[in-house]
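Chemist: 3D model of this:
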Amino acid sequence: MSNLSPTALLLNAGHALDHLFLLIFATAVGAMAADWGMAWPDLMPYTVGAFAMFGLGSLPAGRLGDLWGRRAMMVVFFLGMGVSGLLIAASGGVWQLAAALTLMGVFAAIYHPVGIPMLVQGNSRPGFAIGLNGLAGNLGIAGAAILTGFLVKYFGWRAAFAVPAVLALALGVLFLALVPRERTAPARRPRSQPELPRSVVARALLVMTLISVSSSLIFNFTTNGNGQFLAERLRGVVDDPATLGALLAAVYTVASLAQIVVGKLIDRFPLKRIYLPIALAQVPLFWLAAHAQGWGLYALVVGFMTFVFGAIPFVDAMIVQYVDDRMRSRVAGIRLAVAFGVSSTAVWALGPTVKAAGFATLLVTMAGIAAVTTVFVSLLPGRPRAAQATVAAAPAEAG
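Modeler: Sure, this is the predicted structure:
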């Protein structure tokens, strides 16, 4: 599949939309809490259902992607995100909001186990495709910061959900019209790469899951907490919500570029050699940020988010290297269900942790998690020579 084909472009747009939706609440939570007469840490736990379903829903989504078809599941993704976004915008109270956010999490769960395997099937440069897709996803995170800040300031928090919802519905129609139908579901296609020894695959899957859990905890803590973190540490320097949103968007945009570099490196070098320094670099940056203020703190946020985002392509690259295309969606679904199911506790704990102990404690905790991730990466097995020359997948059937 070409990285510029309509299918690839729409899949990358879907990744941006997926992450945008998941971070709208984190950016708008202050305005939403004020609207309902609450403090933002007290409202934050109501989004835990979205992140729990984002993980748990990956299991059935991945199974349906392999056995029913990835194209059909992506249509469900776009249309479901649109409908759930409109329901969030129409919420009349915190429990309606929690239910609508949870429904959104169900549809958001579809993208990663379905969209990314669909993107890399038949791609001769899967690392670069994953890196480019990761850039798109993180531009969605940046978009959540700047677009939500703008819409909240001028139109209110409900518009911050309604506008992306309409965009999701439009993209769903385009996907249905432009992406060719799959002739055969992935599970029924011929094997696309040599079978690896079971011991190698089992070890790789265990390491992959452990890394996914720890890195997802860091990802959720940072992307859900950075908005309020900057607001606290830049108080008196920058106080305008729209300006803070633009500064956060700039962080995510700059940090996202790391994924293009990492994607190119993944196609050329062993995964462990690249991933180890990226995981290790996060430790001192989180530690320093725990005690910084003002523009120095802002520079450190750019630094640690560059390495947080730079680490994102690795788990998907592991799946490409160690798992045949016929079952990639199911394997991705399993690891995402475990990783995101566990890391959803980060979203639930974020508000109470900051309220009780402050952001400094949170940053030191993330430094510890990054150190643990580094240990997990060191356990990744090498890849047998027989499999090194084999590219990712069978011929693409969806463009």
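Chemist: OK, contacts around L336?
Modeler: G55, S58, L59, G62, A109, H112, P113, S212 (C-beta atoms under 8 Å, 6 or more residues apart in numbering). For every residue, glycine as well, the C-beta is placed using N, CA and C.
Chemist: And for G93?
Modeler: W36.
Chemist: ok so, going back, select from the contacts of L336 the one having the most neighbours.
Modeler: P113 (32 neighbours; other C-beta atoms under 10 Å).
Chemist: Only the buried residues of stretch 246-265, if you could.
Modeler: Buried residues in stretch 246-265, counted by 16 or more other C-beta atoms under 10 Å: 246-249, 251-260, 262-263, 265.
Chemist: Inside helices: which ones of those?
Modeler: 246-249, 251-256, 258-260, 262-263, 265 (DSSP state H).
Chemist: tell me which of those is nearest to T47?
Modeler: Comparing those against T47 with C-beta to C-beta places L248 closest, at 17.8 Å.
Chemist: Output the contacting helices and strands for the helix or strand where L147 lies.
Modeler: If you go by DSSP states H and E, L147 is part of helix 126-155. Helix 126-155 sits against helix 6-35, helix 111-120, helix 157-178, helix 241-256, helix 258-266, helix 313-322, with contacts defined as 3 or more C-beta pairs under 8 Å, 6 or more residues apart in numbering; DSSP states H and E.
Chemist: quick one: contacts of stretch 353-360?
Modeler: Contacts for stretch 353-360 (C-beta under 8 Å, 6+ apart): P41, G225, Q228, F229, E232, R233, A290, H291, T361, L362.
Chemist: got a pLDDT number for F314?
Modeler: pLDDT for F314: 87.
Chemist: Next: the one 3 residues further on.
Modeler: With respect to pLDDT, A317 scores 86.
Chemist: Tell me how many other residues surround it.
Modeler: A317 has 25 nearby residues by other C-beta under 10 Å.
Chemist: again, but for R125
Modeler: Neighbours of R125 (other C-beta under 10 Å): 17.
Chemist: cool, the one 3 residues further on as well?
Modeler: By the other C-beta under 10 Å criterion, the neighbourhood of F128 contains 20 residues.
Chemist: Let me see the contact set for it.
Modeler: Applying C-beta under 8 Å, 6+ apart, the residues near F128 are N3, I260, G263, K264, I266, D267.
Chemist: The helices and strands packed on helix 126-155: which one's closest to V201?
Modeler: Nearest to V201, of those and by C-beta to C-beta, is helix 313-322 at 5.6 Å.
Chemist: Any idea how far that closest one is from the middle of the chain?
Modeler: 15 Å (C-alpha atoms, centre = their mean, to the nearest Å).
Chemist: Please apply the same query to stretch 34-44.
Modeler: 25 Å.
Chemist: and what of stretch 336-356?
Modeler: So, by C-alpha atoms, centre = their mean, the centroid of stretch 336-356 is 14 Å from its chain's centroid.
Chemist: Low-confidence stretches in the stretch 1-150 of the chain?
Modeler: Across the stretch 1-150 of the chain, the ranges flagged by pLDDT under 70 are 1-4.
Chemist: so what pLDDT did V372 get?
Modeler: 94.
Chemist: How about the contacts made by the spatially closest residue to M81 that is not a sequence neighbour?
Modeler: In space, and not counting its chain neighbours, M81 is closest to A168: 4.2 Å by C-beta to C-beta, 6 or more residues apart in numbering. By C-beta under 8 Å, 6+ apart, the contact set of A168 is L17, F21, F78, L79, M81, G82, G85.
Chemist: ok, now with 7 Å
Modeler: By C-beta atoms under 7 Å, 6 or more residues apart in numbering, the contact list for A168 reads L17, F78, M81, G82, G85.
Chemist: Quick check: PyMOL command selecting the buried ones in those residues.
Modeler: If you want just the buried ones from those in PyMOL, going by 16+ other C-beta under 10 Å, the selection is:
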select buried, resi 17+78+81+82+85
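Chemist: Of the contacts of L336, which is the nearest to A332?
Modeler: Taking the contacts of L336 together and measuring to A332 by C-beta to C-beta, the closest member is P113, at 3.9 Å.
Chemist: ok so, going back, out of the contacts of A168, which one sits closest to A99?
Modeler: G85 (13.6 Å).
Chemist: Hmm, the closest one is touching F161, no?
Modeler: Yes: here G85 reaches F161: they are 5.0 Å apart, a contact under C-beta atoms under 7 Å.
Chemist: And R335, how far from D316?
Modeler: 10 Å (C-beta to C-beta, to the nearest Å).
Chemist: Give the buried residues for stretch 102-113.
Modeler: Quick answer for stretch 102-113 (16+ other C-beta under 10 Å): T102, L103, M104, G105, V106, F107, A108, A109, I110, Y111, H112, P113.
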